[in-house]
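*Asks:* here is a sequence together with a model predicted from it:
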Amino acid sequence: MNMKIQAIGAAFVVMIAGATFPSTAGAQCGAYLMPKASLAIKASLKPAAYLLSSVRVSDDWNFNRNDSVPAAEPIVGMWKVKFVAENSPGIPNNVEVDHGYTIWHSDNTEFLNSARTPLMGNFCLGVWKKVGTSRYTLNHYAMAFDATGLHSVGTVNIREEVTVDPSGNSYTGSFSIDAYDTNGVHYPANTPGNHANGVITGIRITVDTPSNDH
């Protein structure tokens, strides 16, 4: 069990100056699946005219250029985010436990590209809803793996409550991160890496954001 506790902990805790945490696991949303050869061959044999026709039908069916587009929620868009610990077991306050880029979609889903190593998984998904004026709650899940990236050791759940600034260009709020084993049992919360909470901040990324300012 101790080895598993260490493994799951590193799903969201990073190496920091002056304090070292286990680094033997990571989180990802799913394994990469190669398409079946038979399906790939069939797709490659489709006539070009058929493929072009399919694209036109799909475009005409799903997109009406005369439709009015409702105003999006302020949270919708791409953000640079940072997770900073506060009152977390075994983690000093003001320590950055993760950062990355996230996209909140208008269909109430969310996608996070974390700074964790890709070997252990650095992409995960969430769903959100509006809970007040420019206030949103997020429920986010990721799969956790050992250092090889081949063996699942459980799941990680991230919860957020954030408020978008009146400018629409930043948000701040709280987060909590909890680790569970493959049976859905919470790993000991008092072990560093199995539970964390603190402050999350987001800065909006736009098409005009300069490359040296993100």
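*Replies:* The structure has been received and is ready for your questions. Numbers count the residues shown, from 1 in each chain.
*Asks:* select the helix or strand of this structure having the lowest average pLDDT value.
*Replies:* helix 37-44 (a mean of 37; mean pLDDT, DSSP states H and E).
*Asks:* identify the bridge partners of the closest residue to residue 160 other than its chain neighbours.
*Replies:* With sequence-adjacent residues excluded and distances taken as Cβ to Cβ, 6 or more residues apart in numbering, residue 160 is closest to residue 138, at 4.0 Å. From N, CA and C alone the C-beta is placed, and that goes for glycine too. Counting by DSSP bridges, residue 138 is bridged to residue 128, residue 160.
*Asks:* can you report how many residues neighbour residue 138?
*Replies:* Counted with other Cβ atoms under 10 Å, residues neighbouring residue 138 total 22.
*Asks:* wait, what's in contact with it?
*Replies:* Residue 138 makes contact with 110, 126-128, 158-162, according to Cβ atoms under 8 Å, 6 or more residues apart in numbering.
*Asks:* against residue 115, how distant is it?
*Replies:* 18 Å (Cβ to Cβ, to the nearest Å).
*Asks:* surely residue 156 touches residue 181?
*Replies:* No - counting by Cβ atoms under 8 Å, residue 156 stays clear of residue 181, with 11.1 Å between them.
*Asks:* which of those two has more residues huddled nearby?
*Replies:* More crowded of residue 156 and residue 181, by other Cβ under 10 Å: residue 156, with 25 against 18.
*Asks:* let me see the mean pLDDT of whichever strand or helix holds the more buried one.
*Replies:* Residue 156 is part of strand 152-164, with elements assigned from DSSP states H and E. Strand 152-164 shows a mean pLDDT of 93.
*Asks:* and it, what does it pack against?
*Replies:* helix 2-9, strand 25-28, strand 123-132, strand 135-146, strand 170-180, strand 195-205 (3 or more Cβ pairs under 8 Å, 6 or more residues apart in numbering; DSSP states H and E).
*Asks:* show me what counts as buried in that strand.
*Replies:* Neighbour-count burial for strand 152-164, counted by 16 or more other Cβ atoms under 10 Å, picks out 153-158, 160, 162-164.
*Asks:* out of the residues you listed, which comes closest to residue 185?
*Replies:* Within these, proximity to residue 185 (Cβ to Cβ) peaks at residue 154, which comes in at 8.5 Å.
*Asks:* my read: that closest one touches residue 145, true?
*Replies:* No - Residue 154 is beyond contact range of residue 145, at 9.1 Å (criterion: Cβ under 8 Å).
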